[in-house]
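Trainee: No letters, just coordinates:
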């Protein structure tokens, strides 16, 4: 029906508005998951496999994580200070690509999304055991660790840890063990200090205090997040006896 087709084009031109990126990602994931050929073709042709599988990991964290459950906002859900599911997927995506590439190179039968989920969960549980007040219901409101920029810094550190593991570095155990991550993060942050918004030196939990009292909230640009994560990973290198540049 040419007039029905014409009317659809008219409606699009006259009234259409883009849906938010979170909505577009959710639609793409659900269409791909349902096996709908148009969505599968879009994922394949646009090379969005990494985005889709990172979304599934983000979704699993939102539903099952000891740290992230009820802390990740899905499309059309009220924010309440939560990180969006798409933002979390974007943070996870570089790690997913690294793990997926490595599993293919070693001909592993494991799915990258399972390995990444287990590693991310263990990492954050280990981080919580190191600094429990950051995540305690009574005190977490004082800290910004669950905000996207500060979470991304920590995920950059995790990606570096995974790179070390892939290159054969002895890290004290498997990366699906929270105790291993607690030990590694303890080494990375042992003696680490930074300058907060008020010009004072802070360390340990105080790094993630909200406002001027903390320092991590200052790192919001891509270059700033790369810089602070590099400073921390270099401390980890020193603790592990690795050469630093």
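Mentor: Thanks, I have it. Note that the structure is a prediction, hence the values are computed from the model and not measured.

Trainee: any idea how far residue 20 is from the nearest residue to residue 124 once chain neighbours are set aside?
Mentor: Ranked by Cβ to Cβ, 6 or more residues apart in numbering and with sequence neighbours excluded, the top spatial neighbour of residue 124 is residue 67, at 4.2 Å. Placement of C-beta: from N, CA and C, glycine included. Going from residue 67 to residue 20 by Cβ to Cβ, to the nearest Å gives 25 Å.

Trainee: out of those two, which sits in the more crowded spot?
Mentor: residue 67 (17 against 12; other Cβ atoms under 10 Å).

Trainee: Distance check, the residue nearest to residue 124 against residue 213.
Mentor: Residue 67 is 23 Å from residue 213, by Cβ to Cβ.

Trainee: Repeat that for residue 101.
Mentor: 40 Å.

Trainee: Neighbour count: the two, which is higher?
Mentor: Neighbour count, other Cβ under 10 Å: between residue 101 and residue 213, residue 213 has more, with 16 against 11.

Trainee: wait, the more buried one sits on residue 206?
Mentor: Yes. Contact criterion Cβ atoms under 8 Å: residue 213 and residue 206 qualify, at 7.0 Å.

Trainee: Overlap of the contact sets of these two?
Mentor: residue 196 (Cβ atoms under 8 Å, 6 or more residues apart in numbering).

Trainee: for the protein, which helix is longest?
Mentor: helix 85-105 (DSSP state H).

Trainee: Averaged pLDDT, the helix or strand following that helix. What do you get?
Mentor: Using DSSP states H and E, the helix or strand that directly follows helix 85-105 along the chain is helix 112-130. Helix 112-130 carries an average pLDDT of 98.

Trainee: in the longest helix of the chain, what counts as buried?
Mentor: 85-93, 95-100, 102-103 (16 or more other Cβ atoms under 10 Å).

Trainee: And stretch 130-142, by the same measure?
Mentor: 130, 131, 134, 135, 140, 142.

Trainee: Which of the residues you listed sits closest to residue 168?
Mentor: Checking these against residue 168 with Cβ to Cβ, the nearest one is residue 130 at 25.2 Å.

Trainee: Would you confirm that the closest one contacts residue 182?
Mentor: Yes. Shown here, residue 130 and residue 182 form a contact pair, counting by Cβ under 8 Å, at 5.0 Å.

Trainee: rewinding a little: out of the buried residues of stretch 130-142, the closest to residue 33 would be?
Mentor: Checking the buried residues of stretch 130-142 one by one against residue 33 (Cβ to Cβ), the nearest turns out to be residue 135, at 30.5 Å.
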